[in-house]
Structures are given as structure tokens and as C-alpha cells.
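[1] sequence unavailable; structure follows:
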């Protein structure tokens, strides 16, 4: 694909930066409904009544935050384009853990409050609540499901889980949200009344609609329309392969170099679990390509996929594209398999000879992924390429050992980096080191573009 000249300027977001404000507004509505239902007055009474009222408020806030986190990762296109999936994932994680903590506080406060009102023991009161109140057995199952999701989302637990297993467990969050609904509608005093019922039904229907339309409907429609199939599998280096995919009217697929899809290759074990891979070449009207490092069960099995295999897609996602550019010059910094979206950007973006610099961190004891393609691109388009090969720096620098101060080395290799758009892709700890060096080199933050793909 030949790059064409275009105006280099920052893309206008589809939405203004209102999502956090909208989320805060919905929480204020929930508090207002609690106050309208006598919650503040009951809380002021103190004692068991106050505990029960506080339990009502924490339950309402927990329910609202559950819905907010569903919307954050419902793959709503204009939200994805405005904020980027990495930022949405971080918000989702914070909102999710806060919601679980509020839910546990709700359980404890309600139990203590009811036990105080009934002058009963805490354990016996908890048993009575679960076994006699409408919807409480379902609510208990919802609590277990959501706590399991929270526990497996902790950093220590994620480090012990395969991505495929974590992703499957994470889907239980939808089950938890659904199971909690009957309890809220049947026994929640703050869900009674025309205004409260109208609000909560609207929120639940809107959230369910986002999931059905954007997480299920749109991916199925695009998969059916474009009819992607595996065209060929090409080994690149030991442990790294490229998968070429053909399809129908791919020129109508709204994808740009630097973006990624969630892929499902049918007819193999584990096809129900999507795998996120970036395009490693600029999209063509009849061909897409991903380049995959064989790690984990999902990516390792791609080598055995036969040409003609049907493929389902979700996406495209990601903001690591030329839409974010502000300058003519480009500095691209990649590590390992993080070269894939960077290589696609080098092919698709417009720049004149000498206006693009690539800094590529790779292992010295193994073939460099996509090395031949990068050298041909560099020769054809005048890209200055620096291969950063060698053992890791003991000090934890993003550079190999022996390069000295990371910021000074960055300015030496890319002296015009402060006047460039900088694209960064690689492992999260490595990218953190790059960001420190860019900050010390006085590169403005709005010129730095990256996306974190950690889960």
C-alpha cells in the first residue's frame, strides 16, 4: 500500500471529554433517589436504622458502578475512538474494584442493621435474609460471581492465569450483573416509585443494549459481511508467524494501520475465546495480516490452522493510528512483537525521506522479527533505523546495557524527537521506561501515542 499525503493534525474526538462527568452525574442521581426515599433522614437516626440506610446507599452506588463498568468495555465505537481501550480498561478496573468493595459493604451494613432491628445474631440474620427474602439466593450467587471476577483480576492472580482462562472467568461479571437485578427490583426500597423504576429500567436496558449491539451484533454483522478466511500462514522467525487473511470488500472495513482486532479462528479448540492481535501491515482492499508470537495456547495453535478457515472479528479497536498526528516527523519506538503496529504505521503514514526514525529493541541471540521488511521499507522510504540489540541493562533501562543515560541516548539517536509524533509499543514495563526517558528529554505529552495491551 502506497502512503498518500494528508494533512497532519490532531484528530477531533467524536465525543468531548464528558464520559467521567456523565458517570459522576449518574452517581449523583442515585444519591438523590436515596435522599428522596428518606435515606438521609434514616441515616441521621443512627443505630441499626442508620446502618441499614448506609447499606442501602452503598448497594445503590455499587449497582450503578456495575453498570458503568459494563458500558466502559461494551466496545461502543465512539467511546473507544475518543478514549482508547487502554484508558477504558484502567477506568473499568478502578470502577470494578470500587463497586465490589461497595457491594461487600452493602452486605455487611444491611446484615448488621437488620440484626440490630430484629435483636438477632448476625449469622442467623444473614441466613434469614438469604433464605427468606425474594431474590436473595440469586443475589448471593451474583455476589460470589462478582467476587470471583475481582479476585482473578488482581495482579498476583492474573500473573498465574493464562489469558484464555482469565477472559473466560471474566465473563461471569455479566452473570453477576444479571443475577443481582431481581433482588434489586423485588426487595430494594430505593427501586420503588415511578421515578426510581424509570431510571433503573432505563439504565439496565441501555447497558444491555450496548452489550447486545456492540459486543455481539456489530462483530457478527462485520464477520458475516466481510467473510474473512485464512489465506496463508507464513513463518517469519522461530516462534513467530504471520497470518494472511482474505475477505469480501475489506476496503469497507473501517480499519487503520496501528489498530487491532479480537480474532476467533473457527474449527479449532478454544475458538470461542477471542485473541487480540494488531495488524502488522497496512490494510489492503483484499488482504489483512497479523504477525503473532507463539506464546500461550491460543497463539501457539495458529501455526496449524489451515487456509480457508473462517475467522470471526471484533473491532477494529485502538487509537495508535495516524489520526493522532500533529507533526510531519515521526519517531517510532518498539520492542519485540510490539513492532507489528509500528511496522504497519511505517508503511501507511505519509512522511518524506529523513522524517521518520525507528528505534527497535530486540534480542541479540535470535532473528529480529520482520527484519527484512523493515530494511526494505527503510531503503524505499528513507527511514532512519536503529536496532537496539544486546542484553538487558541491569539498571532496568529500556535500552540494552552500555547505552548510558536513557534520555541522553534517546536524544543522541533521535535528535528531533521533541518535534516529532512519538509512537511506542512493547511490554508495559519497557514502555514505562521509554515514557520516563521521553519525559526527561522534554517531549510534550500530547505528542506521545501508545496503547497498553496488558490484561
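    Here it is on my side, so go on. Please read all numbers here as calculations on a predicted model, not as lab measurements.
[2] isn't residue 272 right next to residue 266, touching?
    No: counting by C-beta atoms under 8 Å, residue 272 stays clear of residue 266, with 9.6 Å between them. Every C-beta, even on glycine, is put in place using the N, C-alpha and C of the backbone.
[3] what residues sit buried inside the longest helix seen in the chain?
    The residue-count maximum for a helix in the chain (DSSP state H) belongs to helix 85-118. Buried residues in helix 85-118, counted by 16 or more other C-beta atoms under 10 Å: 85-89, 91-93, 95-96, 99-100, 102-116.
[4] and for stretch 440-447?
    441, 443, 447.
[5] stretch 194-203 now?
    Neighbour count says stretch 194-203 has 196, 199, 200, 203 buried, by 16+ other C-beta under 10 Å.
[6] out of these, the closest to residue 134 would be?
    residue 200 (16.5 Å; C-beta to C-beta).
[7] could you find the closest non-adjacent residue to the closest one?
    Spatial nearest neighbour of residue 200, chain neighbours left out: residue 191 (5.7 Å); criterion: C-beta to C-beta, 6 or more residues apart in numbering.
[8] any idea how many residues pack against that neighbour?
    By other C-beta atoms under 10 Å, the residues close to residue 191 number 20.
[9] tell me the helix or strand right after the longest strand seen in the chain.
    Across the chain, the longest stretch assigned as strand under DSSP state E is strand 229-237. Scanning forward in sequence from strand 229-237 by DSSP states H and E, the next helix or strand is strand 240-246.
[10] run through who's touching that next one.
    Here strand 240-246 makes contact (C-beta atoms under 8 Å, 6 or more residues apart in numbering) with 228-236, 280, 286-294, 302-303, 305, 311, 337, 369.
[11] now do 7 Å
    228-236, 280, 286-294, 302-303, 311, 369 (C-beta atoms under 7 Å, 6 or more residues apart in numbering).
[12] also stretch 66-82?
    Against stretch 66-82 from outside (C-beta under 7 Å, 6+ apart): 13-15, 19, 23, 88, 91-92, 95-96, 99, 177, 203, 207, 210-211, 214-215, 314, 317, 319.
[13] ditto for stretch 436-450
    By C-beta under 7 Å, 6+ apart, stretch 436-450 touches 320, 324, 326-327, 398, 406-407, 410-411, 417-418, 420-425, 431.
[14] average pLDDT across that stretch?
    Here stretch 436-450 scores 94 as its mean pLDDT.
[15] and it, how far out from the chain's middle?
    Chain-centre distance of stretch 436-450: 22 Å, with C-alpha atoms, centre = their mean, to the nearest Å.
[16] ok, now stretch 106-117?
    For stretch 106-117, the distance to the chain centre is 37 Å (C-alpha atoms, centre = their mean).
[17] buried residues in the longest strand of the chain?
    229, 230, 231, 233, 236.
[18] looking at this structure, which residue lies furthest from center?
    Distance to the chain centre peaks in the chain at residue 119, reaching 47.4 Å (criterion: C-alpha atoms, centre = their mean).
[19] now do the phi/psi pair for residue 448.
    phi -100, psi 130 (degrees, to the nearest 10).
[20] isn't residue 403 right up against residue 409?
    Yes: judged on C-beta atoms under 7 Å, residue 403 makes contact with residue 409 at a distance of 4.5 Å.
[21] those two: which is more packed in?
    Neighbours were tallied for residue 403 and for residue 409 using other C-beta under 10 Å; the higher tally belongs to residue 409 (20 against 17).
[22] quick one, what contacts that one?
    399, 403.
[23] now with 8 Å, please.
    399, 403, 437.
[24] for residue 210, same thing?
    70, 71, 74, 76.
[25] one more time with 6 Å, if that's ok
    Residues near residue 210 by C-beta atoms under 6 Å, 6 or more residues apart in numbering: 71, 74, 76.
[26] now, the contacts of stretch 66-82 that are in helices?
    19, 23, 88, 91, 92, 95, 96, 99, 177, 203, 207, 210.
[27] so which of the residues you listed is the closest to residue 51?
    Once C-beta to C-beta is applied, the member of the ones in helices among the contacts of stretch 66-82 that ends up nearest residue 51 is residue 99, at 20.3 Å.
[28] ok, the closest one touching residue 65?
    Yes: between residue 99 and residue 65 there is a contact at 3.6 Å, judged by C-beta atoms under 6 Å.
[29] can you tell me the SS state at residue 288?
    Secondary structure for residue 288, judged by DSSP: H, G, I helix; E, B strand; the rest coil, is strand.
[30] so how far is residue 281 from it?
    For residue 288, the distance to residue 281 equals 8 Å [C-beta to C-beta, to the nearest Å].
[31] which of these two has more neighbours?
    The neighbour comparison of residue 288 against residue 281 (other C-beta under 10 Å) goes to residue 288, with 25 against 22.
[32] distance of that one from residue 257?
    11 Å.
[33] ok, now residue 433?
    Taken as C-beta to C-beta, the span from residue 433 to residue 257 is 25 Å.
[34] so for those two, which sits in the more crowded spot?
    For the pair residue 433 and residue 257, the greater number of neighbours falls to residue 257 (24 against 20), based on other C-beta under 10 Å.
[35] and the more buried one, what element?
    Per DSSP H and E, there is no helix or strand for residue 257.
[36] excluding chain neighbours, what is closest to residue 255?
    Looking at residue 255 with C-beta to C-beta, 6+ apart, the closest residue is residue 316, at 4.0 Å.
[37] touching, that neighbour and residue 257? I think so.
    No: using C-beta under 6 Å, residue 316 is not in contact with residue 257; the gap is 10.3 Å.
[38] tell me the contacts of residue 336?
    Contacts of residue 336 by C-beta under 6 Å, 6+ apart: none found.
[39] change it to 7 Å
    Contacts of residue 336 by C-beta under 7 Å, 6+ apart are 362, 426, 427.
[40] repeat for residue 342
    332, 334, 423, 425.
[41] backbone dihedrals for residue 349, please?
    Dihedral angles for residue 349 - degrees, to the nearest 10 - are phi -80, psi 150.
[42] okay, now it: neighbour count?
    25.
[43] likewise for the one 5 residues further on?
    Burial of residue 354, expressed as a neighbour count using other C-beta under 10 Å, amounts to 12.
[44] before we move on, the earlier item: what would the contacts of residue 336 look like in CSV with pLDDT and distance to residue 31?
    As requested, these are exported to CSV (pLDDT from 0 to 100; distance: C-beta to C-beta, whole Å):
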residue, pLDDT, distance to residue 31
362, 91, 53
426, 92, 43
427, 90, 41
